[in-house]
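J.: Sequence first, then the predicted structure:
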Amino acid sequence: VQLVESGGGMVQPGGSLRLSCAASGFTFSSYAMSWVRQAPGKGPEWLSTINTGGGSTYYVDSVKGRFTISRDNAKNTLYLQMNSLKPDDTALYYCARLTDDGLGTYDYWGQGTQVTVSS
């Protein structure tokens with residue numbers, strides 16, 4: 001199993017970025033997926049989850065209306081479109097695979113991609 005994030009970078013407040021997570025080594029379409037971030041000096045923060053088919057999505061309140069999670073099962077890729085970025089969004093962003101036991105835990109993580117929001 002491999003998850004590889006990309007698309008991070010430095011952006012000014014109010015800007016946008018689109019993160020991608022390329023999945024391999026497993027049947028991507030069979031697993032719900034999430035984005036999680038970790039800011040410097042803080043613990044991991046769950047951001048969003050998408051179900052296997054992409055029809056159901058969930059967000060933490062702090063990103064609702066600004067971030068959009070999506071997936072392309074034909075391309076084995078997970079996305080996070082981030083708009084109206086704020087300095088507080090600065091963090092290392094990870095994609096993670098949810099286990100299929102319904103317990104809401106993660107069994108695989110990517111290496112992360114850095115997002116820095118600064119003027």
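T.: Cool, the structure landed. In this text, all values refer to a predicted model and were calculated from it rather than measured experimentally. Numbers count the residues shown, from 1 in each chain.
J.: ranges for the helices of this protein?
T.: Counting by DSSP state H, no segments of the chain form helices.
J.: Would you point out which residue is most central in it?
T.: Trp35 (2.6 Å; Cα atoms, centre = their mean).
J.: wouldn't that one be in contact with Met82 here?
T.: No. In this structure, Trp35 is not within contact of Met82 by Cβ atoms under 8 Å, at 9.4 Å. All C-beta atoms are positioned from the backbone trio N, CA, C, and that covers glycine.
J.: Overlap of the contact sets of these two?
T.: Both Trp35 and Met82 are contacted by Leu19, Phe67, under the criterion Cβ atoms under 8 Å, 6 or more residues apart in numbering.
J.: Show the residue spans covered by the strands in the protein.
T.: Under the criterion DSSP state E, strands of the chain are mapped to 2-6, 9-11, 17-24, 33-38, 44-50, 57-59, 67-72, 77-82, 91-98, 106-109, 113-117.
J.: now the ones you listed as CSV including mean pLDDT?
T.: Formatted as CSV, the strands of the chain follow (pLDDT from 0 to 100):
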stretch, mean pLDDT
strand 2-6, 98
strand 9-11, 97
strand 17-24, 98
strand 33-38, 98
strand 44-50, 96
strand 57-59, 97
strand 67-72, 98
strand 77-82, 98
strand 91-98, 98
strand 106-109, 95
strand 113-117, 98
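J.: hmm, back to that, which residues does the residue nearest to the centre of the chain bridge with?
T.: Ser48, Cys95 (DSSP bridges).
J.: Distance check, it against Ser119.
T.: 24 Å (Cβ to Cβ, to the nearest Å).
J.: What of Trp109?
T.: 30 Å.
J.: okay, these two: which has more neighbours?
T.: A direct count of neighbours by other Cβ atoms under 10 Å for Trp109 and Ser119 places Trp109 higher, at 16 against 8.
J.: ok, the closest residue to the more buried one other than its chain neighbours - contacts?
T.: Leaving out its chain neighbours, the residue that sits closest to Trp109 by Cβ to Cβ, 6 or more residues apart in numbering is Ala96, at 4.8 Å. Ala96 makes contact with Leu3, Met33, Ser34, Trp35, Val36, Tyr106, Tyr108, Trp109, Gly110, according to Cβ under 8 Å, 6+ apart.
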